[in-house]
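**Student:** Provide a 3D model corresponding to the input given below.
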Amino acid sequence: MLGCQQGWVNSYRRPPVYNFKKDSTPLVQRSLVRMAKEANIKVRMMLKSSKPRRAARKMRPTFITIHSTANHSPTSTAMQHSRALCRGVLRDRSWHFTVDQFMVVQNLPLDETAWHAGNDVGNNHSIGIEMCECESKGHNHWRTWDRAAKLTALLMKRYNIRLRNVVPHYHWTRKNCPAPLLSDGRPGPKWMWFLSRIDYYYRCINQGMSNR
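**Tutor:** Below you'll find the predicted structure:
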């Protein structure tokens with residue numbers, strides 16, 4: 001179903017600063033509550049008795065890691081991935097949020113580590129966000145990415161995480177993930193667009209100010 005977690009790498013790479021064109025869309029000021037409602041966050045926690053949660057540590061996140069599920073099944077929605085996590089189908093894999101075009105599903109507390117980055121620093125210090133790639137009729141990937149950008153802006157605000165520390169899975173292991181937002185397997189124009197959307201929504205909830 002999901003191929004994100006890959007290996008265990010102990011190296012740490014300082015995130016690069018990406019230059020992107022600032023989104024010129026007029027700002028619509030939002031409260032945190034309103035932005036959360038727009039993101040449409042549902043909570044469906046993995047059981048405390050599950051293997052990933054038994055192995056989890058306490059965490060104060062300083063990074064946000066963006067993934068894509070690499071699952072193109074028409075039924076591979078955010079809720080379906082949540083069910084798989086909660087049933088233990090994915091064994092040792094875990095992450096905090098799954099996003100599709102309709103909703104965000106939270107699977108883990110944000111003060112617990114998850115096993116998603118393939119790197120000890122990434123796993124122990126970052127919130128993991130999986131974006132769905134389901135290919136059902138009428139599915140709109142742009143809406144999924146936009147919803148993930150709203151969620152990321154909220155998390156940045158809550159934990160005072162700089163945009164520089166919003167990284168693709170690629171950052172930790174050089175894996176081609178999130179594949180739909182990378183260019184030839186690396187951050188490029190599509191990743192810059194995604195960062196610009198996060199920055200836009202962050203400015204909407206932060207009185208017009210960025211946190212790069």
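**Student:** for the most centrally placed residue in the chain, helix, strand, or coil?
**Tutor:** Residue closest to the mean C-alpha point of the chain, counted by C-alpha atoms, centre = their mean, is I129 at 2.3 Å. Here I129 is recorded as strand under DSSP: H, G, I helix; E, B strand; the rest coil.
**Student:** and it, what does it touch?
**Tutor:** Counting by C-beta atoms under 8 Å, 6 or more residues apart in numbering, I129 touches 64-67, 95-99, 148, 151-152. Heads up, the C-betas are built off the backbone N, CA and C, glycines and all.
**Student:** and D111, how many residues sit next to it?
**Tutor:** The tally of other residues near D111 (other C-beta atoms under 10 Å) stands at 11.
**Student:** let me see the ranges of the helices in the protein.
**Tutor:** Secondary structure of the chain (DSSP state H): helices located at 32-39, 51-54, 78-87, 120-125, 141-159, 169-173, 189-205.
**Student:** rewinding a little: which residue is the nearest non-sequential neighbour of the residue nearest to the centre of the chain?
**Tutor:** F97 (4.8 Å; C-beta to C-beta, 6 or more residues apart in numbering).
**Student:** quick one: contacts for that neighbour?
**Tutor:** 41, 104-107, 127-130, 151.
**Student:** go with 6 Å
**Tutor:** By C-beta atoms under 6 Å, 6 or more residues apart in numbering, the contact set of F97 is 104, 106, 129.
**Student:** the second one contacts V43, doesn't it?
**Tutor:** Yes - in this structure, Q106 sits in contact with V43. The criterion is C-beta atoms under 6 Å, and the distance is 4.9 Å.
**Student:** low-confidence regions, the protein specifically.
**Tutor:** 1-13, 137-138 (pLDDT under 70).
**Student:** change it to 90
**Tutor:** When residues are selected by pLDDT under 90, those of the chain lie in 1-19, 21, 49-52, 72-75, 86-93, 134-140.
**Student:** tell me how far the residue of the chain most remote from its centre lies from Y200.
**Tutor:** What lies farthest from the middle of the chain is P26; by C-alpha atoms, centre = their mean that is 24.9 Å. P26 sits 10 Å away from Y200, going by C-beta to C-beta, to the nearest Å.
**Student:** just to revisit the earlier point, Q106 and V43 - which one has more neighbours?
**Tutor:** Counting neighbours by other C-beta under 10 Å for Q106 and for V43 shows that Q106 has the greater number, 17 against 10.
**Student:** please name the bridge partners of the more buried one.
**Tutor:** V43, F97 (DSSP bridges).
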